[in-house]
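A.B. asks: have a look; sequence and predicted model below, questions after that.
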Amino acid sequence: VVLSQLNDSLNIIWVGRYQERKKLDRLYDLARLDPRVQVRLIGPGIREAFINKVTLNNFQIFSGAYGDELDQHFAWSHVVFNPGGAGLLVMNAARLGRSIVIDKNSHHGPEIQLAIDANQDFINFSSAEDVRSYIDRLFENPSRLQHQATVLTEQMEYYTIEHMTEKYLQAIKGEWD
């Protein structure tokens, strides 16, 4: 998928294990209210959580993705939406070359620092109006997705075990930047 072109659809992905705090219902509601989006949720427990929901043409659930399958899902997507608590998905977005949009009002894991350092977008996912306005802006300026993805991927180089070990040793020795 070319990130500088959206045509008529914004392909949104979310990957992880289902937990209520991740607020995945917000992505279902988004798909129900906005026909411009295609949403894919990937991970264990999601299908069971949505079993009683009405089937939508623009909302798909995959129980899991293994090996190259996850790469293929990310290649299909334009952007990662994280409507609740964020964690390792920030790292996967960076590793697989997609920007991530994060709920600004949820409690997040420590991985959120990468998204902050990479200046990723934080929006109010509890407001359908805010989410719709954000999507409108993406359709007006789809190149933003590529820019955000590039910044996130570049920032990821500072989140390797080698870099963190170097910083830890500097701290022990009192050698601050």
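C.D. replies: Now that the structure is in, tell me what you want to look at.
A.B. asks: and the lowest-mean-pLDDT helix or strand in the chain, how far from the chain's centre?
C.D. replies: Lowest mean confidence among the helices and strands of the chain (mean pLDDT, DSSP states H and E): helix 161-173, at a mean of 79. Averaging C-alpha positions (CA atoms, centre = their mean, to the nearest Å) puts helix 161-173 28 Å from its chain's average.
A.B. asks: export it as CSV, just CAs?
C.D. replies: Taking Å, rounded to 0.1, in the frame of the first residue of the first chain, the C-alpha atoms of helix 161-173 are listed here in CSV:
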residue,chain,number,x,y,z
ILE,A,161,19.3,-3.4,23.6
GLU,A,162,22.8,-2.2,22.6
HIS,A,163,21.8,1.5,22.7
MET,A,164,20.0,1.0,26.1
THR,A,165,23.0,-0.9,27.5
GLU,A,166,25.3,2.0,26.4
LYS,A,167,23.0,4.5,28.1
TYR,A,168,22.8,2.4,31.2
LEU,A,169,26.6,2.2,31.4
GLN,A,170,26.9,6.0,30.9
ALA,A,171,24.5,6.5,33.8
ILE,A,172,26.5,4.2,36.1
LYS,A,173,29.7,6.1,35.2
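A.B. asks: and residue 95, backbone torsions?
C.D. replies: phi -60, psi -30 (degrees, to the nearest 10).
A.B. asks: which helix or strand contains the most centrally placed residue in the chain?
C.D. replies: In the chain, the centroid-proximal residue (CA atoms, centre = their mean) is residue 80; its distance is 2.8 Å. For residue 80, the host element (DSSP states H and E) is strand 79-82.
A.B. asks: in that strand, what counts as buried?
C.D. replies: 79-82 (16 or more other CB atoms under 10 Å). (Each C-beta comes from the backbone N, C-alpha and C, glycine too.)
A.B. asks: can you list those residues in JSON lines and add pLDDT and distance to residue 100?
C.D. replies: Compiled in JSON lines, these are given as follows (pLDDT from 0 to 100; distance: CB to CB, whole Å):
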{"residue": "79", "pLDDT": "97", "distance to residue 100": "7"}
{"residue": "80", "pLDDT": "98", "distance to residue 100": "4"}
{"residue": "81", "pLDDT": "98", "distance to residue 100": "8"}
{"residue": "82", "pLDDT": "98", "distance to residue 100": "6"}
